[in-house]
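Asker: Predicted model and sequence follow; I will ask about them next.
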Amino acid sequence: MPLKLQTLPHASVSRKLSFHHNVTLTVSLTLGSPPQNVTMVLDTGSELSWLHCKKFPNLNSIFNPLLSSSYSPTPCTSPVCTTRTRDFPIPASCDPKKLCHAIISYADASSIEGNLATDTFFLGGSAQPGTIFGCMDSGFSSNSEEDSRTTGLMGMNRGSLSFVTQMGLPKFSYCISGRDSSGVLLFGDATFSWLGPLKYTPLVKMSTPLPYFDRVAYTVQLEGIKVSQKVLQLPKSVFAPDHTGAGQTMVDSGTQFTFLMGPVYTALKNEFILQTKGKLTLLDDPNFVFQGAMDLCFRFPGTTLPPLPAVTLMFSGAEMSVSGERLLYRVPGMRKGNDCVYCFTFGNSDLLGVEAFVIGHHHQQNVWMEFDLLKSRVGFTDTCCELASQRLGLGP
C-alpha cells in the first residue's frame, strides 16, 4: 500500500507512488550517490531503518552499496555503535572486519542482520546526508512475498536511530485511503483548513525499564471499548500495563490488523457475536484461525455486508470508531459452500504471542493520523484520505 510522500514546509517536490499491495504501507525514495530507487515499509513500531544489500533470488529490489560513493559503513568503535543501539532487542556487536553488526528480530519470528552504515537519503526533494541505516546481507522473513516487493523498512518509532529522530522531526502525519490502498505521508507540521480538528491522546511514558514494555513505541492509553453504544464491562486494570510492562497499547503502522489482550478480546468477541446474531452466520470451524490470531470468522453469501455495530476504541481524551467494512476482512480465495468467509479484524494478542494491545493500520484507514513528538501525543480525525491526497496535489 503506497504512501505518497511530501516534506513540509518546502513541499514543492513530492513523490507520487504507484499501487503496490495492501498488506503493508510503502514509501518510495532514493538514496546514495548517484541515487538508487528504493521502496520501504513504513513502520511506526520499529527503530532501525534497513535495506536489503545482497541479491537473493526472492528479492526484486536491493540497494547496492558498492555503487554509491557516499556510502560509509559504521565501525564498531563508533559512538553510534556503542551507545545509540541501546534500545535494540539484541545488542550490536563487532564483526570480523571491525564493523558494527546488527541483528533485528521481529514479533513474527523473522530476523535480519547486517552492518550499520550511513548514506544520503533524498526525501521529497531534500537531501539527508549521513543517515544511519542497516545494510542487511542475511536473514529471513515470515513473508517472502512482501520481501520481494520492497527493498527494506523505514523505522519510525521514538528510538535514537529511528528515521524520525535522525531527521529531528517535530511531527509527522499519514492518511491511508481505504478504497485504492494508497495514501499520503507528511513530514513536518500539517495544518490545513480543510482538515477537521484533531482529537489528541497523550503518549504514555515509562521511566523505568521493564522487560515487556517497549519504551520507544508510540504507546497510548486504551481505557475501554464500546460495541454500538454498549461499553464492555471490564475492570480498568485489564487495559493498564502490569508490573512486567506487558499490556501497553501501541499504534503500529507495521501491523495490518488490531490485536487485543486475551480477556479484552474475549469480551469484545462475545459482545460482537451477540449484537450480530441473525445478521451474520458463524463459520463454526474450530480448526480455522485466520493469520494465526483471528478466530472469529463468519460465512456470508454476498459481498454486500449487512449493517454492523461499530466498535469504538476509547483512549484517554479521544475515541477511534471502527465501522462498516473495516470490521470484517474477506479471506482471499476461501469459500464455505457458496459463501465467502469474512473474519473479524480484531485478533487475540495471546495467539500472536505478543504481550500488548496493537492498533494496526487497517483501522487507521480514512483517519488522519498525526504523531506529535514535541507535545508527546497522537492526534487523529476521520477524513477521506483520497480527497486529502488530491488536496495536497498528490492525488491519482
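Answerer: Structure's in. What do you need? Computed from a predicted model, the values in this text were never measured in an experiment.
Asker: Am I right that Ser138 falls within a strand?
Answerer: Yes - under DSSP: H, G, I helix; E, B strand; the rest coil, Ser138 falls within a strand.
Asker: Show the end-to-end separation of stretch 80-89, please.
Answerer: Using Cα to Cα, to the nearest Å, one end of stretch 80-89 lies 16 Å from the other.
Asker: Same question for it: list its buried residues.
Answerer: Within stretch 80-89, the residues that qualify as buried are Val80, Cys81, Arg84, Thr85, Asp87, Phe88, counting by 16 or more other Cβ atoms under 10 Å. All C-beta spots, glycine's among them, are computed from the backbone N, C-alpha and C.
Asker: With stretch 300-314 instead?
Answerer: Neighbour-count burial for stretch 300-314, counted by 16+ other Cβ under 10 Å, picks out Phe300, Leu305, Leu308, Pro309, Val311, Thr312, Leu313, Met314.
Asker: and if you look at stretch 255-271?
Answerer: Residues of stretch 255-271 classed as buried by neighbour count (16+ other Cβ under 10 Å): 255-261, 264-265, 267-269, 271.
Asker: Same check on stretch 349-362?
Answerer: Quick answer for stretch 349-362 (16+ other Cβ under 10 Å): 349-352, 354-362.
Asker: biggest helix in this protein, by residue count?
Answerer: If you go by DSSP state H, the chain has its longest helix at helix 262-275.
Asker: got a list of what Cys226 touches?
Answerer: Not Cys; residue 226 is Lys. By Cβ atoms under 8 Å, 6 or more residues apart in numbering, the contact set of Lys226 is Leu232, Ala310, Val311, Thr312, Met314.
Asker: beta partners for it?
Answerer: Beta-bridge partners recorded for Lys226 (DSSP bridges): Val231, Thr312.
Asker: With Phe121 instead?
Answerer: Going by DSSP bridges, Phe121 forms beta bridges with Leu31, Gln128.
Asker: mind listing what it touches?
Answerer: Leu29, Thr30, Leu31, Ala127, Gln128, Thr131, Phe133.
Asker: Okay, now the unreliable bits of the protein?
Answerer: Scanning the chain with the threshold set as pLDDT under 70 gives 1-24, 107-109, 139-148, 179-181, 394-396.
Asker: which residue ends up closest to the midpoint of it in space?
Answerer: Ser253 (1.5 Å; Cα atoms, centre = their mean).
Asker: Pretty sure that one sits in a strand.
Answerer: No - assessed with three-state DSSP, Ser253 is coil; it does not lie in a strand.
Asker: State the distance from the closest residue to Asp95 other than its chain neighbours to Lys269.
Answerer: In space, and not counting its chain neighbours, Asp95 is closest to His101: 4.2 Å by Cβ to Cβ, 6 or more residues apart in numbering. Separation of His101 from Lys269 (Cβ to Cβ, to the nearest Å) stands at 43 Å.
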